[in-house]
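Trainee: fold the following for me, if possible:
(one chain, ligands or ions: 1)
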Amino acid sequence: MINPDPSALEAFWMPFTANRQFKAKPRLLARAEGMHYWTSDGRQILDAVAGLWCVNAGHGRSEIADAVAKQLTTLDYAPTFQMGHPLAFELANRLIEITPKDFDHVFFVNSGSEAVDTALKIALAYHRVKGDASRQRLIGREKGYHGVGFGGISVGGMVNNRKFFGSLLPGVDHLRHTLDPEHNAFSRGVPEWGVHLAEDLERLVALHDASTIAAVIIEPVQGSAGVILPPKGYLQRIREICDRHGILLIFDEVITGFGRLGTPFGADYFEVTPDIITAAKGLTNGAIPMGAVFVRKPIYDAFMRGPESAIELFHGYTYSAHPAACAAAIEALNIYQRENLLTRAATLSRVWESAVHALRDSRLVIDIRNIGLVAGIELRSREGAPGARAYEVLTKAFEEGLLVRVTGDTIALSPPLIISEEQIEQITTKLAAILRTIA
Ligand SMILES: Cc1ncc(COP(=O)(O)O)c(C=O)c1O
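Mentor: Predicted structure coming up:
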């Protein structure tokens, strides 16, 4: 489809997209390899967002493609309700080798949104099987993104993702977010100011009483709302408060899992151990949809009581542990381990930090936030047109061979973990040049 007839683009209702604007001037990706995409008219595009924060080992990994092809011709599909297939168990065992200590069980799903809904359901059911059924309340955070299921948007805190969809789940409350440019603008890594924001959880406990609260769910680093970092000590404090009140802590690691911060998981980076971790995206290097929920042993064990013939958790998806997804995930893990990608961001993070902070010279930039191989570059909004300036950066960048992501007026960067230092330089040099041309 080199110059598509506009009517050929009509049928696909595109997600999270201004459909009419896009279809009037489409951006079509036709091929990908390593750090690059190629458009349908043959232009090379440097991928500064790993697709959508998922292609951690770079594009077109033939090992993954070969493993999936082989799996589909060996065992294309197998149910995992009262049945099993070897790769599902192999993958679960491989994964718990790299998850933080104590995480020794995994429930498979097909996306980050499903991982979140699954984690919330496990948290509620856990308290119930423990005889603590009054713990039904879920706590999320303002500006949080936990996918688009009803559970995820209920605990999430991005207004546009919520306001169209009715009254959402009952019994949900939200912590304050931690974005505070007044105190923390241009912090390098986690900001020093703001640990006290964790005390907001004590406020909610005082309001609702701990006996009604099942779980707190937060992203260790908020990605989709524009790269918002936890202040130093904040996550530790949230953990302490959860412990004090018997509240489960869920880390949504759909973005931070699989090496994004320079450690296998965000929990490793921050040295804070939650009770449940959700993951997706990098799990299969983006090649096949898959998500996972990791739980610590006491949670799994709480369900493994009663008669052995009883189903312990009435939950699952037709495609939970799909054989092709398992094959992709095992091969992705092989690559991550062979190429040391789960820790590579740590070795690049200084170079990355200096390169992105050099964009501070632009008159439009009002904040830069970075950690691991992630950065958010926030632009001053145009009067009466929030988001317009960053969208213009996105379109210009694409015309000039660079794929970035924007949320509001924040440019988000999260390149594949195979990026070279020269390519980091290319991203920021190109962005600096584009910012000079933007009004
Ligand atoms: C933290 C977080 N949770 C959940 C999701 C939802 O994942 P999916 O789009 O695979 O449903 C995302 C997606 O960006 C995410 O960043």
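Trainee: contact partners for M158?
Mentor: 143-145, 224-225 (C-beta atoms under 8 Å, 6 or more residues apart in numbering). Where C-beta positions appear, they are placed from N, C-alpha and C, glycine not excepted.
Trainee: on the pLDDT front, check the closest residue to G157 other than its chain neighbours for me.
Mentor: For G157, ignoring the flanking residues on the chain, the nearest one in space by C-beta to C-beta, 6 or more residues apart in numbering is E142 at 3.9 Å. Listed pLDDT for E142 reads 98.
Trainee: the ligand contacts on the stretch 151-300 of the chain?
Mentor: 219, 223-224, 252, 254-255, 280 (C-beta under 6 Å from any ligand atom).
Trainee: to clarify, my last question referred to the stretch 1-150 of the chain.
Mentor: Counting by C-beta under 6 Å from any ligand atom, the stretch 1-150 of the chain comes close to the ligand at 111-113, 116, 145-147.
Trainee: isn't there a helix covering L417?
Mentor: No. Applying DSSP: H, G, I helix; E, B strand; the rest coil, one finds L417 to be coil, outside a helix.
Trainee: so what's the residue count around it?
Mentor: 26 (other C-beta atoms under 10 Å).
Trainee: wouldn't it be in contact with G372 here?
Mentor: No. Contact criterion C-beta atoms under 8 Å: L417 and G372 do not qualify, at 9.1 Å.
Trainee: mutual contacts of those two, please.
Mentor: Joint contacts of L417 and G372 (C-beta under 8 Å, 6+ apart) are 260, 345.
Trainee: ok, back up a step: nearest to I368 among the residues of the stretch 151-300 of the chain next to the ligand?
Mentor: G223 (15.4 Å; C-beta to C-beta).
Trainee: tell me who's in contact with the residue nearest to the closest one when sequence neighbours are not counted.
Mentor: Excluding its sequence neighbours, the residue lying closest to G223 (C-beta to C-beta, 6+ apart) is I255, at 4.0 Å. Going by C-beta under 8 Å, 6+ apart, I255 touches 53, 219, 221, 223-224, 281, 374, 414.
Trainee: before we move on, which element is I255 in?
Mentor: In this structure, I255 sits in neither a helix nor a strand according to DSSP states H and E.
Trainee: next, it: phi, psi?
Mentor: Backbone torsions for I255, taken as degrees, to the nearest 10, come to phi -100, psi -40.
Trainee: cool, and L91?
Mentor: Taking degrees, to the nearest 10 as the convention, L91 sits at phi -60, psi -40.
Trainee: okay, now the residue nearest to it when sequence neighbours are not counted: neighbour count?
Mentor: Of all residues not flanking L91 in the chain, C326 sits nearest, at 4.6 Å (C-beta to C-beta, 6+ apart). C326 is flanked by 29 other residues according to other C-beta under 10 Å.
Trainee: surely C326 is in a helix?
Mentor: Yes. C326 forms part of a helix when assessed by three-state DSSP.
Trainee: and it, what does it touch?
Mentor: By C-beta under 8 Å, 6+ apart, C326 lies in contact with 71, 85, 87-88, 90-91, 108, 290.
Trainee: taking these one by one, which sit in helices?
Mentor: For those, the ones inside helices are 71, 87-88, 90-91, with DSSP state H as the criterion.
Trainee: in JSON lines: these, plus pLDDT and neighbour count.
Mentor: JSON lines is the format used below for the ones in helices among the contacts of C326 (pLDDT from 0 to 100; neighbours: other C-beta atoms under 10 Å):
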{"residue": "Q71", "pLDDT": "98", "neighbour count": "22"}
{"residue": "L87", "pLDDT": "98", "neighbour count": "23"}
{"residue": "A88", "pLDDT": "98", "neighbour count": "20"}
{"residue": "E90", "pLDDT": "98", "neighbour count": "14"}
{"residue": "L91", "pLDDT": "98", "neighbour count": "24"}
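Trainee: which one of the residues you listed is nearest the ligand?
Mentor: Distance to the ligand across the ones in helices among the contacts of C326 (C-beta to the nearest ligand atom) is lowest for L91, with 17.7 Å.
Trainee: which residue ranges make up each domain of this structure?
Mentor: As recorded under automatic domain parsing, the domains making up the chain are 6-57+340-437, 64-338.
Trainee: show me where the stretch 1-150 of the chain has its helices.
Mentor: Shown for the stretch 1-150 of the chain, the helices assigned by DSSP state H, counting those that start in this stretch span residues 19-24, 50-53, 62-74, 86-98, 112-129, 150-155.
Trainee: show the average pLDDT along the fifth one.
Mentor: This means helix 112-129. On average, helix 112-129 scores 98.
Trainee: got the contact list for that helix?
Mentor: In contact with helix 112-129 (C-beta under 8 Å, 6+ apart) are residues 107, 109, 133-136, 138, 146-152, 155, 214-215, 217, 248, 250, 252, 254, 275-276, 278-281, 291-293, 295, 299, 302-303, 305, 313, 315, 317.
Trainee: just want the most central residue of the chain.
Mentor: Centroid-nearest residue in the chain: I255, 2.5 Å away (criterion: C-alpha atoms, centre = their mean).
Trainee: measure that one to L283 for me?
Mentor: Counting by C-beta to C-beta, to the nearest Å, the gap from I255 to L283 is 12 Å.
Trainee: F107 now?
Mentor: 13 Å.
Trainee: for the ones in helices among the contacts of C326, which one is nearest G387?
Mentor: Of the ones in helices among the contacts of C326, the one sitting nearest to G387 (C-beta to C-beta) turns out to be L91, at 39.4 Å.
Trainee: buried subset of the contacts of helix 112-129, written for PyMOL?
Mentor: Only the buried members of the contacts of helix 112-129 end up in this PyMOL selection, burial being decided by 16 or more other C-beta atoms under 10 Å:
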select buried, resi 107+109+135+136+138+146+147+148+149+151+152+155+214+215+217+248+250+252+254+275+276+278+279+280+281+291+292+293+295+299+302+303+317
